Structure formats: C-alpha cells, structure tokens
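1. What follows is a predicted structure for the sequence shown.
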Amino acid sequence: MVYVAQDKGREQTMTITRGRPASYDLSLPRVHGVTRASYRVELSLGNEFLEAREGPIALWPPRDPAPVGPCKAEVWVLDTSGSLQTLLPEFGLKPADASFQAVRDFSRPDVIFAGEYLDGASMEILTRLIAATSKPLVVVLLRQKQLPEQLDASIRSGTDPCQPVVPEPNSLLLKDLSGGDVMRLLSEANAVGVERRTGRSIHSHLTAKEDEKTIFSHLCVVEETNYLLLSCQLPATARKDPRQMTLLGNLVQFACHEADPNPETRIEREER
C-alpha cells in the first residue's frame, strides 16, 4: 500500500512461497512535482496477520532533460557502454565519439566526457589526451573503480557508511537535488582521494574526509595547469532516474560554462 498524505494511492496483494525471493511491480500515480509519500507492507499467513513494515518514499515526476543552451565548445565522449553518446544529445550537445582513431587524429576537444567504469584501453586514451593538450581542457570523469597514476588520485573503496558526507551549501553541481536525493546516490558511490600539491586547486562539493595531504570527495573539481577535472563518483547515467538526470544536467552545464571559448559570455553567466 502507498499513501499520499492520508489517502491510499495504490494497493496490491500478492502470493509468496517460503524459501523463494518475491518481487513485483507496483504502478504509482503520476505526479507533477516531487511528492512525499509512505508505504506499508503487510505479511499474512492465511487470514492471520504476522507483521508489517512502513517507511517514507518520494514520488518523482517524469523528467525530460532540459537543453543547457548553445555550447560552442568541441565536445568528445569516451564511453564504451554508449550511454553518454545517447544521453548528451538530449541536453543539446553534439559530441564526437573519441573511441575512433579518426576523431582523435583531426581535431582537439575542449571538453571530454568519460563514461562510467572505463576499461584500461579507454583510460589510456584519456590520459594521453590530457598529457598532449596545450590549452585548458575540461574533463568530466564519471564514477570509476580505479584511476591512472598520472592523475595523482585514487578510489577509496569501502567508504564507511557511518562517516558523514558534507555537501557544499548552494553547490551548482547539486542544484535541484535534495538531501535525500544525494544520500540515495551516495549509496552507490566510493570517494576519490585527491592529493594536495603545489599548483593544484581542489574544490570539493561532497566531502567524505580531508586532512593536510588528501581530500576524499564524491564530487570535486581539480584544476591543474592544462586541464580541469570534474570527478563525479555518483551514478549519473540511468535515463529513468530523475535524480541522475538532474545531476548529469548539472555536470553538462558546468562543463559547457568552463569550456566556453568566449570570455565575455562566461562573465555574463557568472554575474547572473
């Protein structure tokens, strides 16, 4: 049973068998804004009530990605899964697929979107592109299991669930995401440990831990001499999850802003 306020929105009864997992789909009412609701699951044997569980849930409206506006930057995608090649055009981008040698031979990007869990060959391509660039390059690196040594960063696996994660207030990368949304996304993420060093600027939007040598972050911007790395360890490619599409839209907006070749346009946006 699902309740919105005191009204029962949906109810469904199903039969389960001892020793076998049970799963089912429950169609929920369409909403036009994020709606707080609650659920109640009851277990009965015959006509005898055994136990019940209750808890809060949030109903989200269908979300179509909003275009970020004209992006004059040259955008490349490095994603063997093909997810970003499908998603980024929905935000108004026209990315080139950097998996093909011909693309890499005849131009140079302003922005590279690197997909989740890159394989070794794709990660090698990415590091070569970063090393070869002479102009400021924006790299959006989605969640990974390991990072190349050249980045001086590492994945912190097995993040302590009791360790509080501190979000930056009013972060543009977390725009339109509630605290509950962020916590849900964090359940599938490990932090990245970024080493502090001379000439490197680190701005963390979701900090798990930090000390004098390292910042452990789930979402951070690392600025180097020739590139800017936006590392996002939160999931951001599930088309049916409005949280992830909101996050991906924020990442796209940030990357296009930072890579805008027109300095006057960037100043106008910052003044808004």
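-> Looks like it arrived, so ask away. Numbers count the residues shown, from 1 in each chain.

2. When you work out contacts or count neighbours from here on, use the C-alpha atoms and nothing else.
-> Will do.

3. ok so Glu212 is a helix residue?
-> No: secondary structure of Glu212, determined by DSSP: H, G, I helix; E, B strand; the rest coil: coil, with no helix assignment.

4. For it, which non-adjacent residue is spatially closest?
-> Leaving aside its sequence neighbours, Glu212 sits nearest to Arg196 (C-alpha to C-alpha, 6 or more residues apart in numbering; 7.5 Å).

5. Help me confirm that the one you found comes into contact with Thr214.
-> Yes: Arg196 lies in contact with Thr214 (C-alpha atoms under 8 Å); the separation is 5.6 Å.

6. Okay, now the unreliable bits of the stretch 151-272 of the chain?
-> Residue ranges of the stretch 151-272 of the chain with pLDDT under 70: 157-163, 261-272.

7. Going along the chain, name the strands of it.
-> If you assign secondary structure with DSSP state E, counting those that start in this stretch, the strands in the stretch 151-272 of the chain sit at 153-156, 166-167, 191-195, 201-210, 214-223, 227-232.

8. Can you list the helices and strands that the second one packs against?
-> If contacts are counted by 3 or more C-alpha pairs under 8 Å, 6 or more residues apart in numbering; DSSP states H and E, strand 166-167 sits against strand 201-210.

9. buried set for the strand it packs on?
-> 202, 204-209 (16 or more other C-alpha atoms under 10 Å).

10. Give me the contacts around that strand.
-> The set of residues external to strand 201-210 that reach it, using C-alpha atoms under 8 Å, 6 or more residues apart in numbering, is 163-168, 171, 173, 191, 196, 215-224.

11. Kindly report the same for stretch 245-264.
-> Applying C-alpha under 8 Å, 6+ apart, the contact partners of stretch 245-264 are 63, 65-66, 68, 71-73, 91, 110-111, 137-140, 172-177, 236-239, 266, 269.

12. cutoff 6 Å now
-> 68, 71, 73, 173, 236 (C-alpha atoms under 6 Å, 6 or more residues apart in numbering).

13. do you know how far the spatially most central residue of the chain is from Glu90?
-> Geometric centre of the chain, nearest residue: Ala236, 3.2 Å, by C-alpha atoms, centre = their mean. Between Ala236 and Glu90 the distance is 14 Å, computed by C-alpha to C-alpha, to the nearest Å.

14. same thing with Ile202?
-> Using C-alpha to C-alpha, we find Ile202 at a distance of 30 Å from Glu90.

15. do the same with Pro242
-> Here the criterion is C-alpha to C-alpha. By it, Pro242 lies 14 Å from Glu90.

16. can you check Leu174 too?
-> Here Leu174 is placed at a distance of 20 Å from Glu90 (C-alpha to C-alpha).
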